[in-house]
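K.L.:
Sequence plus predicted model, see below.
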Amino acid sequence: MSILVTGGAGYIGSHTCVELLNAGYEVIVVDNLSNSKKEAINRVEKITDRSIKFYEMDILDQKALDLIFKANDIDAVIHFAGLKAVGESVEKPLLYYRNNITGTLSLLEAMSHSNCKNIVFSSSATVYGMNNISPLTEDLPLSTTNPYGTTKMYIEHMIRDTYHSDNNWSATLLRYFNPIGAHESGTIGEDPKGIPNNLMPFITQVAVGKRDKLSVFGNDYETHDGTGVRDYIHVVDLAKGHLKALEYTLNNKGVEAINLGTGTGYSVLDMVHTFHHTTKQPISYEITARRPGDIATCFADTSKAKQLLNWETELTLEDMCRDSWRWQSRNPEGY
Ligand code: NAD
Ligand code: UDP
């Protein structure tokens, strides 16, 4: 069975390719390498001892996508390709709308032309907005606070409308919580450009000496220690969730939104302390002002994933810290 993975050279895509190849799927990747390197694909091939058909290409190029669907007998698409920096999306909303929304339109049209109507889409917990109370269930009302989040919400609507117009479609909208960690080989991992926006890559860059200290954004939230609480999930557990979602998508028509998280929240200081005791690397930090747009607490209700996908996470917070550190310390400059 052949799976087209858009954005397969990226952080979550590369880990998912490992799981797909290990499970025996043929993998075709389309990525324009705007936020990744081809080396990630080479390393996935090394880990799995299997090969990937790689197209360096933009999903906005619908003619090229049509040709890929013609040349390959594709059973389903896992759609990771997109821009994901919240701050940048506020500065450059049109770039985000074009890349993420027009890119997905182009993909859905190419899928339609070739009669491939099975898709797993990378959505995000950001679609729950600022007003819902955790644990977050999939039926809550959606809202967003930045253009990045809005692209995810609109794409969810686009996919639902596509299904409503043609019930042969099957789609799973995966709402990720906070993916961290890396493959246990230490050869693939998250490779952010410039100063990391997210907590774990910032922590590992402090540990490896690339940054002075972590700024902890606020310690006056209503949480157990005042710092923000999130649902961190190991990227390998997340990747395995995609295989379960793929099987579900191939076997059921319709559209389902499903949370992928652990169901447990940890604070920023929990992360700093767990990283320290797991890796023996102390993390210097200072408390600074809250980051605009941040909420106190965000974690998943995971019952729908358990029920529909028969999936739940297996790896611990210690595993996440150990594997993030193995990747960062062995690849201090990334790929
Ligand atoms: P990533 O940036 O590492 O991977 C995305 C990949 O898509 C990159 O390799 C990039 O080069 C590629 N890409 C972007 N635009 C493209 C285009 N127009 N054509 C072809 N390729 C294109 O990001 P990631 O962390 O692996 O995230 C994957 C998906 O999951 C994204 O859609 C992201 O929004 C979503 N997501 C990520 C997180 C997270 O915290 N990492 C959380 C929720 C949702
Ligand atoms: N955070 C922080 N310092 C940083 C980056 C993040 O204190 O340099 C905090 C942030 O305020 C939030 C948590 O860490 O409470 C996770 O932030 P991240 O950006 O990784 O994920 P998101 O907020 O998008 O869920």
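P.N.:
Noted; the coordinates are in hand. Numbers count the residues shown, from 1 in each chain. Ligands and ions are numbered 1, 2, ... in the order given.
K.L.:
Please list the residues of the protein that sit near ligand 2.
P.N.:
178, 197-199, 202, 214-217, 228, 230, 268, 291, 294 (CB under 6 Å from any ligand atom). Where C-beta positions appear, they are placed from N, C-alpha and C, glycine not excepted.
K.L.:
what two of the residues you listed have the greatest distance between them?
P.N.:
Asn178 and Ser215 (17.5 Å; CB to CB).
K.L.:
Settle it for me: which of these two has more neighbours?
P.N.:
Asn178 (23 against 15; other CB atoms under 10 Å).
K.L.:
And Thr187, how close does it get to ligand 1?
P.N.:
Counting by CB to the nearest ligand atom, to the nearest Å, the separation of Thr187 from ligand 1 is 16 Å.
K.L.:
Where do the strands of the stretch 201-335 of the chain begin and end?
P.N.:
214-217, 229-230, 232-234, 254-260, 266-267, 285-288, 297-298 (DSSP state E, counting those that start in this stretch).
K.L.:
Cys298 reaches Met130, doesn't it?
P.N.:
No - taking contacts as CB atoms under 8 Å, Cys298 lies outside contact range of Met130: 9.6 Å.
K.L.:
helices or strands up against the lowest-mean-pLDDT helix or strand in the chain?
P.N.:
When each helix and strand of the chain is scored by mean pLDDT, DSSP states H and E, helix 86-91 comes last, with a mean of 94. Identification of packing neighbours for helix 86-91 by 3 or more CB pairs under 8 Å, 6 or more residues apart in numbering; DSSP states H and E yields helix 93-96, helix 147-165.
K.L.:
for the ones you listed, which one ends up most surrounded?
P.N.:
Across these, averaging neighbours per residue (mean count of other CB atoms under 10 Å) puts helix 147-165 on top, at a mean of 18.
K.L.:
okay, now Lys70: neighbour count?
P.N.:
Counted with other CB under 10 Å, Lys70 comes out at 12.
K.L.:
And for it, nearest residue in space, chain neighbours not counted?
P.N.:
Ser114 (6.9 Å; CB to CB, 6 or more residues apart in numbering).
K.L.:
who are the neighbours in contact with the one you found?
P.N.:
66, 69-70, 74 (CB atoms under 8 Å, 6 or more residues apart in numbering).
K.L.:
Quick one, which of those are buried?
P.N.:
66, 69, 74 (16 or more other CB atoms under 10 Å).
K.L.:
Show me what counts as buried in the strand or helix carrying the first one.
P.N.:
Just to be clear, that refers to Asp66. In this structure, Asp66 sits in helix 62-71 according to DSSP states H and E. By neighbour count with 16+ other CB under 10 Å, helix 62-71 contains the buried residues 62, 65-66, 68-69.
K.L.:
picking that back up, out of the helices and strands packed on helix 86-91, nearest to ligand 1?
P.N.:
helix 147-165 (6.8 Å; CB to the nearest ligand atom).
K.L.:
any idea how far that closest one is from the chain center?
P.N.:
Relative to its chain's centre, helix 147-165 lies at 17 Å (CA atoms, centre = their mean, to the nearest Å).
K.L.:
Show the buried residues in the residues of the chain next to ligand 2.
P.N.:
178, 198-199, 202, 214, 216-217, 228, 230, 268.
K.L.:
Next, count neighbours for the residue of the chain found nearest ligand 1.
P.N.:
Taking CB to the nearest ligand atom, ligand 1 has its nearest neighbour within the chain at Gly10, 2.0 Å off. The number of residues packed near Gly10 is 27, by other CB under 10 Å.
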